[in-house]
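Colleague: only geometry, no sequence info:
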């Protein structure tokens, strides 16, 4: 409070100035104060704390993509959050090119929709991998075909299902893919002047890199905006005990695909007999018709079974489970 002048001190200074007793040059100049401009036409509704919490949520989402997508694409996948910023929807939509891959997603019970934009080269890489290719993007961009959009709709469904867990500490959501748009003009989900948060993520699929942008309108997050802070986030995080971790690992293992085959029998023949095999020749196996077959999981015998058929296809009926201790 010592920097504040009383009315008597102000009157004394004015008197000295009027009588010439005080030189203006002796008064220290006030240092320049940096003034931050504020645009009232586009108020910043997302604070740095909000954006940081959204980064944490989508870092979790990125880790889920890294662990789940390789099962579909059969390629190593790396996902990382690049940036989080608040802009107007016009700035976001104006930067989109055509054709573009946009997933319009509802976030029930939150109002409105969010948008997931995936880079064109990543979209074509996903299609190529799911159709058995090497995952090479197109050299020249073109419109997506109906078949390609149908394939991408399935993989986008996987993306969206993975959103539930990262958001569970803030709100329980039921995300759903409403539609896919390839023209940005048909994706006007809010007014151009509305504020949105943009989370930019980098996706690397077997060496092919591209960006994925998640557009989160303020009107969608308005009801839970107070919960988007790290203090609330960490206070509501549930600690997972060993059993929960075991259940999570078991759930992931259950989705793994493993080879299973039944061995009809074995036989030994000479090289001469092998060279002279003809169509119609019979090779006698060491297995009798009524004996049980060995069923392998990977390279381990796990079951005994009897041969048969089901719906005009060969099949086996499990008769015994081989335990490890046996």
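Modeller: Yep, it's here. Given the structure is predicted, the values throughout are model-derived calculations rather than measurements.
Colleague: So what's the residue count around the closest residue to residue 283 other than its chain neighbours?
Modeller: Nearest in space to residue 283, with sequence neighbours left out and distances taken as C-beta to C-beta, 6 or more residues apart in numbering, is residue 267 at 5.3 Å. The C-beta positions use only the backbone N, C-alpha and C, and glycine is treated the same way. Burial of residue 267 is recorded as 10 neighbouring residues (other C-beta atoms under 10 Å).
Colleague: is it fair to say residue 198 lies in a strand?
Modeller: Yes. Residue 198 forms part of a strand when assessed by DSSP: H, G, I helix; E, B strand; the rest coil.
Colleague: residues contacting the residue nearest to residue 283?
Modeller: Residue 267 makes contact with 283-286, according to C-beta atoms under 8 Å, 6 or more residues apart in numbering.
Colleague: quick one: which of the residues you listed is nearest to residue 66?
Modeller: Lowest distance from residue 66 to the contacts of residue 267 (C-beta to C-beta) belongs to residue 285, with 46.3 Å.
Colleague: and the gap between that closest one and residue 264?
Modeller: 6 Å (C-beta to C-beta, to the nearest Å).
Colleague: and what of residue 179?
Modeller: For residue 179, the distance to residue 264 - C-beta to C-beta - is 50 Å.
Colleague: any weak-confidence spans in the stretch 201-326 of the chain?
Modeller: Low-confidence regions of the stretch 201-326 of the chain, defined by pLDDT under 70, span residues 230-245, 324-326.
Colleague: Mind jotting down where the helices sit in it?
Modeller: Listed in chain order, the helices found in the stretch 201-326 of the chain under DSSP state H, counting those that start in this stretch are 218-221, 230-236, 242-254, 271-275.
Colleague: How far away from the center of its chain is the helix or strand hosting residue 17?
Modeller: Element membership of residue 17 [criterion: DSSP states H and E] is helix 7-19. Mean C-alpha position of helix 7-19 versus that of the full chain (C-alpha atoms, centre = their mean, to the nearest Å) differs by 68 Å.
Colleague: show me where the stretch 1-150 of the chain has strands.
Modeller: Taking DSSP state E, counting those that start in this stretch as the test, the strands found in the stretch 1-150 of the chain are 77-88, 101-108, 113-118.
Colleague: I meant to write the stretch 201-326 of the chain there.
Modeller: Defined through DSSP E, counting those that start in this stretch, the strands belonging to the stretch 201-326 of the chain, from first to last, are 208-217, 260-263, 293-297, 300-310, 313-321.
Colleague: Quick one: residues in contact with the last one.
Modeller: Spelled out, it's strand 313-321. For strand 313-321, the external contacting residues (C-beta under 8 Å, 6+ apart) are 262, 292-293, 295, 302-309.
Colleague: And for the shortest one?
Modeller: Outside strand 260-263, the residues that touch it by C-beta under 8 Å, 6+ apart are 293-297, 305, 307, 316.
Colleague: TSV please, covering these and showing neighbour count and distance to residue 108.
Modeller: Listed next are the contacts of strand 260-263 as TSV, based on neighbours: other C-beta atoms under 10 Å; distance: C-beta to C-beta, whole Å:
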residue	neighbour count	distance to residue 108
293	19	50
294	18	51
295	20	45
296	15	46
297	13	41
305	16	46
307	16	50
316	20	45
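Colleague: residue contacts, residue 202?
Modeller: If a contact means C-beta under 8 Å, 6+ apart, then residue 202 has 78-80, 82, 209-212 as its contacts.
Colleague: tell me which of these is nearest to residue 187?
Modeller: residue 212 (15.3 Å).
Colleague: beta partners for that closest one?
Modeller: With DSSP bridges applied, residue 212 shows beta-bridge pairing to residue 118, residue 201.
Colleague: what's near enough to touch the nearest residue to residue 148 once chain neighbours are set aside?
Modeller: Counting by C-beta to C-beta, 6+ apart, residue 127 is the residue found nearest to residue 148 once chain neighbours are left out, at 5.0 Å. Residues in contact with residue 127 (C-beta under 8 Å, 6+ apart) are 148, 151-152.
Colleague: Need the pLDDT of residue 127.
Modeller: Each residue has a pLDDT score; the one for residue 127 is 90.
Colleague: likewise residue 102?
Modeller: Reading off the per-residue confidence, residue 102 sits at a pLDDT of 91.
Colleague: tell me the contacts of it?
Modeller: Contacts of residue 102 were listed using C-beta under 8 Å, 6+ apart, and they are 96, 115-117, 180-182, 184, 187.
Colleague: which one among these gets closest to residue 272?
Modeller: With C-beta to C-beta as the yardstick, the closest approach to residue 272 among the contacts of residue 102 comes from residue 180, at 62.5 Å.
Colleague: Could you tell me the phi and psi values at that closest one?
Modeller: Backbone torsions of residue 180, given as degrees, to the nearest 10, read phi -110, psi 130.
Colleague: and if you look at residue 74?
Modeller: When quoted as degrees, to the nearest 10, the phi and psi of residue 74 stand at phi 50, psi 40.
Colleague: when you give positions from now on, start the count at 27
Modeller: Got it, first residue is 27 now, which makes that one residue 100.
Colleague: Identify the residues contacting it.
Modeller: Applying C-beta under 8 Å, 6+ apart, the residues near residue 100 are residue 155.
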